[in-house]
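Asker: Following is a predicted model, sequence given first.
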Amino acid sequence: MKQSEIAGKKIAFIGVGVMGKFMVSNLLKKGFEVSIYARNKQKVKDVIKEGAIFCESIKECVQNKDVVITIVGYPKDVEEVYLSSDGIINSASEGTYLIDMTTTTPSLSIKIHQIAKQKGLKALDAPVSGGDIGAKNATLSIMVGGEQKDFESCKEIFESLGTTIVYTGIAGSGQHTKMANQIAIAGVMAGVSEAIVYGQKVGLDLNTMLKSISNGAAQSFHLTNNAPKMLKKEFEPGFYIKHMVKDLKIAVSEVPNLKVLTDVLEMYETLERNGDGDLGTQAICKYYE
């Protein structure tokens, strides 16, 4: 699919939240016509002002569109928007590409792919990494599972949203790859928190400590971006704790008995039980207080 061929493509976008808003904005900037569905119109007024077309229902949003993109909260939300009687699969036109960018269970992605294929629809699981910063700057990492020819057809759309776009294999493989990503992030976030605790306990100047280690072998996105937020107690979500709990539970259900995974899941579950589920994942440092 060449750029000239997709410039006028019509996209339906469902899930206009923390990351979705930035993604819709970036698609509009690339010249796509974007229709959106959200339960609360007031919460998406900003992207409507940018040119997004608001729809009152999923059915209205996805009818006669070339591509449907979803990025919602939980597997149950994915199942509802795709498989309900007035959902995407029953409402989209034959030949439509369905791109689910939610982090959900691999088994659900496979199920959606199979049902979609029976109805002449082309489903891809394409979870993302990079948080709100990556969504805003169109620098997301996108892991795509499904038919390779469908991936190639949608590649220009992915390139409007991210910079690292990888075809990972058959349906569900995008989700499995995202699970590996979340396990790695979980370990890094816990390590950054413990580095800060160590620095506190031995009396280091923490800003100087971070400056010293941020460009060495310990360098990471989270050390650079989230460690300073930990020091300032800035816990606005780029990615919610409650969503990290959801992701890590999926990973545990696929491959149990991975120690770092289970330990960090327990930390985040403790924070969620304490009422911190709507904080950003950098609030893991609160576990050590």
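Answerer: Right, received. Where do you want to start?
Asker: The helix or strand where residue 249 lies: how far from the chain's middle?
Answerer: If you go by DSSP states H and E, residue 249 is part of helix 241-254. Relative to its chain's centre, helix 241-254 lies at 13 Å (CA atoms, centre = their mean, to the nearest Å).
Asker: Would you mind putting the CA coordinates of it into PDB?
Answerer: What follows is helix 241-254, C-alpha atoms only, in PDB (Å, rounded to 0.1, in the frame of the first residue of the first chain):
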ATOM      1  CA  ILE A 241      -0.500   0.500  37.500                       C
ATOM      2  CA  LYS A 242      -3.900  -1.200  37.100                       C
ATOM      3  CA  HIS A 243      -3.000  -1.900  33.400                       C
ATOM      4  CA  MET A 244       0.400  -3.200  34.400                       C
ATOM      5  CA  VAL A 245      -1.300  -5.600  36.800                       C
ATOM      6  CA  LYS A 246      -3.500  -6.800  34.000                       C
ATOM      7  CA  ASP A 247      -0.600  -7.300  31.700                       C
ATOM      8  CA  LEU A 248       1.500  -9.200  34.200                       C
ATOM      9  CA  LYS A 249      -1.400 -11.400  35.100                       C
ATOM     10  CA  ILE A 250      -1.700 -12.400  31.500                       C
ATOM     11  CA  ALA A 251       2.000 -13.200  31.300                       C
ATOM     12  CA  VAL A 252       1.800 -15.300  34.500                       C
ATOM     13  CA  SER A 253      -1.100 -17.200  33.000                       C
ATOM     14  CA  GLU A 254       0.900 -18.000  30.000                       C
END
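Asker: And that helix, what does it pack against?
Answerer: helix 173-201, helix 259-271 (3 or more CB pairs under 8 Å, 6 or more residues apart in numbering; DSSP states H and E). No exception for glycine: its C-beta is placed from N, CA and C like everyone else's.
Asker: now the strands for the protein?
Answerer: 10-14, 33-37, 53-55, 67-70, 97-100, 122-125, 128-129, 140-145, 162-169 (DSSP state E).
Asker: circling back: tabulate the helices and strands packed on helix 241-254 in JSON lines, adding columns for mean neighbour count.
Answerer: JSON lines is the format used below for those (neighbours: other CB atoms under 10 Å):
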{"stretch": "helix 173-201", "mean neighbour count": "19"}
{"stretch": "helix 259-271", "mean neighbour count": "17"}
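Asker: now the chain, which segments are flagged as low pLDDT?
Answerer: 1-8 (pLDDT under 70).
Asker: and if we set it to 90?
Answerer: Scanning the chain with the threshold set as pLDDT under 90 gives 1-9, 18, 39, 131, 238-239, 289.
Asker: per the record, what domains does it have?
Answerer: Domain ranges of the chain: 3-171, 179-288, per automatic domain parsing.
Asker: among these, which is the most enclosed?
Answerer: domain 3-171 (a mean of 19; mean count of other CB atoms under 10 Å).
Asker: what's in contact with stretch 164-172?
Answerer: Stretch 164-172 has contacts (CB atoms under 8 Å, 6 or more residues apart in numbering) with 106-107, 109-110, 113-114, 123-125, 140-148, 151, 155, 158-159, 174, 176-177.
Asker: circling back to that earlier point, out of the strands of the chain, which comes closest to residue 185?
Answerer: Checking these against residue 185 by CB to CB gives strand 128-129 as the closest, at 7.7 Å.
Asker: quick one: strands adjacent to that closest one?
Answerer: Here strand 128-129 has these sheet partners by DSSP bridges: strand 140-145 (antiparallel).
Asker: Between helix 173-201 and the partner strand, find me the angle.
Answerer: 140 degrees (axes from the mean of the first three to the mean of the last three CA atoms, to 10 degrees).
Asker: quick revisit: wait, which of the strands of the chain is closest to residue 286?
Answerer: Per CB to CB, nearest to residue 286 of these: strand 128-129, 23.0 Å.
Asker: now the closest one: how far from the chain's centre is it?
Answerer: 5 Å.
Asker: Quick check: the gap between residue 38 and residue 136.
Answerer: Computed as CB to CB, to the nearest Å, the residue 38 to residue 136 distance reads 19 Å.
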